[in-house]
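Trainee: Build me a model from this:
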Amino acid sequence: MHFKILIVDDEKNIREGLAAALELDGHEVVTEAVGGDGWKRFQRGDIDLVITDLRMPGLSGEELLRRVIAESPGVPVIVLTGHGTVESAVAAMRAGAYDFLTKPVNLDRLSLLVKRALENRELVLKHRRIEEELEHKKRFEAIIGTSLSMRRVFETISRVAPSKASVLITGESGVGKELVADAIHALSPRKDKPFVKVHCAALSEHLLESELFGHEKGAFTGASARRRGRFELAHEGTLFLDEIAEIDQNIQIKLLRVLQQKEFERVGGEETIEADVRIVAATNKDLKAEIDKGAFREDLYFRLNVINIFIPPLRERKDDLPPLITAFLREFAKENNKAADSIDERARSALYGYEWPGNVRELRNCIESAVVMAKAGVITENDLPPTIRAQSDEGWIRIPLGSDLEEAERIIIRDTLSFLKGNKSKTAEVLGIGRKTLHRKLAESAKPRSSP
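Mentor: Numbering: from 1, shown residues only. Next up is the predicted model:
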């Protein structure tokens, strides 16, 4: 692992001599002559070890030590003292220094201390990476999917979450847009700040304006006290605007101003309030079509759609059905204290054959219903909702195990003809045979089969 060392000492000979010795050991070294410049260099964020003199004009070594420990407690600091006093060394160790050396510096001792300090730094970084990976995995646990399209969604979330860019999440109802918004906030530098959600379709224009921007006492009938809006509550955090396409044009103008100028006023107020808020919006509508209809402002669309994350419908990613079904089975079996932990083949076939117009939300409700209705540990087709049971018998051909080829062919022809409502031309086309061949096989199937 490559490390960078910062040496801060006002004595040029000592500063350059230590740098030369450490460079011979293979380390990358940068130097500064005064504490203030050393602190500025450290704040660039690429320093793994600090070596500083304690007594310097301006910002002292003691103050530099305290700032480094406060800013980055995982970065070791070795202090140098030309006085050799026990008090100075003890004070530095109590302040959090990794170790100390007295001047003139023993280069062998320095080399050993630096080696140990950087080994400790490497352990800290490895531990931090493991924690970040575990945290990252935890943040995605609520979003279940192994398909290629969902892996792309996960990758996009990981890349955009650390930024300040506005994000527009699109997709049909029930695909999990709110879960994606949750993950973006949880993986961002704002994760410890407020995450505020507003369902724009649930509020009228008047209520939504007050909800977003707050209001002053007496601003309208019923405004008996000042109320902070969601933008104020989300300060330094993230504001999730769900169903953004439903907001009125008047609110769109005010929202655009906040995105452009980072400020707003409460309803009925004159005080300008700064808004340090990251916006994540979601919609199940085609906003470009809404723009063409004059229902949505194009300039607001471009402000919101800096990053677009499209969540594909469940019918286009049926590879995700197995892990989703398994997760929901476990969840609802535990919640309802039932042993229903598996699904028989006919029920599974029905689930896989269904198109899921309500997407993941509909699947989740379906599995919850099936778990509740199941009489035994295995969910059967009869435990599924009627719409899915009906779907399971439409467009499917079931051939009993043990059927010979002649019987299988007879069933295929019969059920295909029935499905196409007796249209023999269409049946022959679907089966890839001529009409004469179809008529002959129908005639043969009508004859009683001889016993073996």
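Trainee: Contacts only, for the nearest residue to Arg228 once chain neighbours are set aside.
Mentor: Counting by CB to CB, 6 or more residues apart in numbering, Gly214 is the residue found nearest to Arg228 once chain neighbours are left out, at 4.7 Å. For every residue, glycine as well, the C-beta is placed using N, CA and C. For Gly214, the contacting residues are 226-229, 231-232, 266-267, 269, by CB atoms under 8 Å, 6 or more residues apart in numbering.
Trainee: Weed out the non-buried ones from the residues you listed.
Mentor: 227, 229, 231-232, 266-267, 269 (16 or more other CB atoms under 10 Å).
Trainee: So which of these is the closest to Thr416?
Mentor: The closest of the buried ones among the contacts of Gly214 to Thr416 turns out to be Phe231 (CB to CB; 60.1 Å).
Trainee: Surely the closest one is in contact with Glu211?
Mentor: No - using CB atoms under 8 Å, Phe231 makes no contact with Glu211, being 9.7 Å away.
Trainee: ok so, going back, out of the contacts of Gly214, which two sit at the greatest distance?
Mentor: Arg226 and Phe231 (14.5 Å).
Trainee: from memory Thr156 sits against Ile309, does it?
Mentor: Yes - counting by CB under 8 Å, Ile309 is a contact partner of Thr156 at 5.4 Å.
Trainee: more crowded one of the two?
Mentor: Ile309 (20 against 17; other CB atoms under 10 Å).
Trainee: Could you pull out the buried residues of the strand or helix carrying Ser149?
Mentor: Element membership for Ser149, per DSSP states H and E: helix 148-160. Within helix 148-160, the residues that qualify as buried are 150, 153-154, 156-157, 160, counting by 16+ other CB under 10 Å.
Trainee: quick one: low-confidence parts of this protein?
Mentor: For the chain, applying pLDDT under 70 flags the ranges 1, 83-86, 130-141, 390-398, 446-452.
Trainee: Three-state assignment for the residue sitting nearest the centre point of it, please.
Mentor: Closest to where the C-alpha atoms of the chain average out (CA atoms, centre = their mean) is Ala183, at 2.9 Å. Of the three states, Ala183 takes helix under DSSP: H, G, I helix; E, B strand; the rest coil.
Trainee: oh, and call the first residue 674 from now on, that's how I've got it
Mentor: Sure thing, new numbering starts at 674, so read that last one as Ala856.
Trainee: does it really touch Ile830, like I thought?
Mentor: Yes - the pair Ala856 and Ile830 qualifies as a contact (CB under 8 Å) at a distance of 5.2 Å.
Trainee: Phi, psi for the closest residue to Lys1114 other than its chain neighbours please.
Mentor: Using CB to CB, 6+ apart and skipping the chain neighbours, the partner closest in space to Lys1114 is Ile1086 (5.9 Å). Main-chain torsions, Ile1086, degrees, to the nearest 10: phi -70, psi -50.
Trainee: residues contacting Ile1086?
Mentor: Residues near Ile1086 by CB under 8 Å, 6+ apart: 1100, 1104, 1111, 1114-1115, 1118.
Trainee: Glu1102 versus that one, what's the distance?
Mentor: Ile1086 sits 13 Å away from Glu1102, going by CB to CB, to the nearest Å.
Trainee: in the stretch 724-873 of the chain, which spans are strands?
Mentor: Listed in chain order, the strands of the stretch 724-873 of the chain (DSSP state E, counting those that start in this stretch) span residues 750-754, 772-775, 840-843, 868-872.
Trainee: how about JSON lines for those, with distance to Glu744 and mean neighbour count added?
Mentor: Below are those laid out as JSON lines (distance: least, CB to CB, whole Å; neighbours: other CB atoms under 10 Å):
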{"stretch": "strand 750-754", "distance to Glu744": "11", "mean neighbour count": "23"}
{"stretch": "strand 772-775", "distance to Glu744": "20", "mean neighbour count": "18"}
{"stretch": "strand 840-843", "distance to Glu744": "29", "mean neighbour count": "24"}
{"stretch": "strand 868-872", "distance to Glu744": "26", "mean neighbour count": "19"}
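Trainee: Make TSV from these and add distance to Asp972 to it.
Mentor: Shown next, in TSV, are those (distance: least, CB to CB, whole Å):
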stretch	distance to Asp972
strand 750-754	50
strand 772-775	59
strand 840-843	14
strand 868-872	21
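Trainee: Identify whichever of the ones you listed lies nearest to Gly708.
Mentor: Among the strands of the stretch 724-873 of the chain, strand 750-754 comes nearest to Gly708, with 11.9 Å by CB to CB.
Trainee: and the closest one, how far from the chain's centre?
Mentor: Remark: strand 750-754 is offset 42 Å from the chain centroid, using CA atoms, centre = their mean, to the nearest Å.
Trainee: Who are the packing partners of it?
Mentor: With contacts taken as 3 or more CB pairs under 8 Å, 6 or more residues apart in numbering; DSSP states H and E, strand 750-754 sits against strand 722-726, helix 734-744, helix 759-767, strand 772-775, helix 780-813.
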